[in-house]
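Peer 1: I'd like to go over a predicted model; first the sequence, then the structure.
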Amino acid sequence: MTPFGQAMRRLRRERGITQKQMAIALGVSPSYLSALESGKRGKPGFDFLQRVTGYFNIIWDEADELFRIAAMSHPRVVVDTSGLPAEYTAFANQLAAEIRKLPPGTVKAMSELLSQSTKRRENTG
């Protein structure tokens with residue numbers, strides 16, 4: 001499942017809406033919604049996101065968050081390490097090979113470490 005799929009499923013369930021009902025309202029197939037929710041489809045396009053925010057009557061701040069989540073929801077990621085030191089490329093390849101085997105706690109810890117690093121760069125830049 002992707003972060004966007006998880007968010008969409010939560011919104012749909014909170015409002016008691018089925019995939020079929022939502023699909024009809026948005027003009028897409030229920031199988032497309034299912035694929036989005038389960039992470040079998042990549043990140044949705046701008047037009048679809050606009051329809052989702054309108055359908056759920058989502059206000060601007062929440063819509064921005066949904067767009068942000070959608071942007072980081074492509075299940076197949078490409079990491080460009082060209083021009084970086086060799087250990088960066090080795091790390092990216094090791095992560096790609098091992099990610100399915102990582103326990104959730106390790107993923108959470110790595111994510112928190114990356115977030116802290118990003119915040120430090122933002123505060124010094």
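Peer 2: Done, it's in. Numbers count the residues shown, from 1 in each chain.
Peer 1: quick test: name the residue nearest the centre of the chain.
Peer 2: When C-alpha atoms, centre = their mean is applied to the chain, the residue found nearest the centroid is residue 73 (2.4 Å).
Peer 1: tally up the residues packed near residue 66, please.
Peer 2: Burial of residue 66 is recorded as 21 neighbouring residues (other C-beta atoms under 10 Å). All C-beta spots, glycine's among them, are computed from the backbone N, C-alpha and C.
Peer 1: my guess is the residue nearest to the centre of the chain contacts residue 37, does it?
Peer 2: No: counting by C-beta atoms under 8 Å, residue 73 stays clear of residue 37, with 10.8 Å between them.
Peer 1: shared neighbours of these two, anything?
Peer 2: Listed as contacting both residue 73 and residue 37 by C-beta atoms under 8 Å, 6 or more residues apart in numbering are residue 5.
Peer 1: assign the closest residue in space to residue 58 that isn't next to it in sequence to helix, strand or coil.
Peer 2: The shortest distance from residue 58 to any non-neighbouring residue, by C-beta to C-beta, 6 or more residues apart in numbering, is to residue 66 (6.4 Å). Following DSSP: H, G, I helix; E, B strand; the rest coil, the label given to residue 66 is helix.
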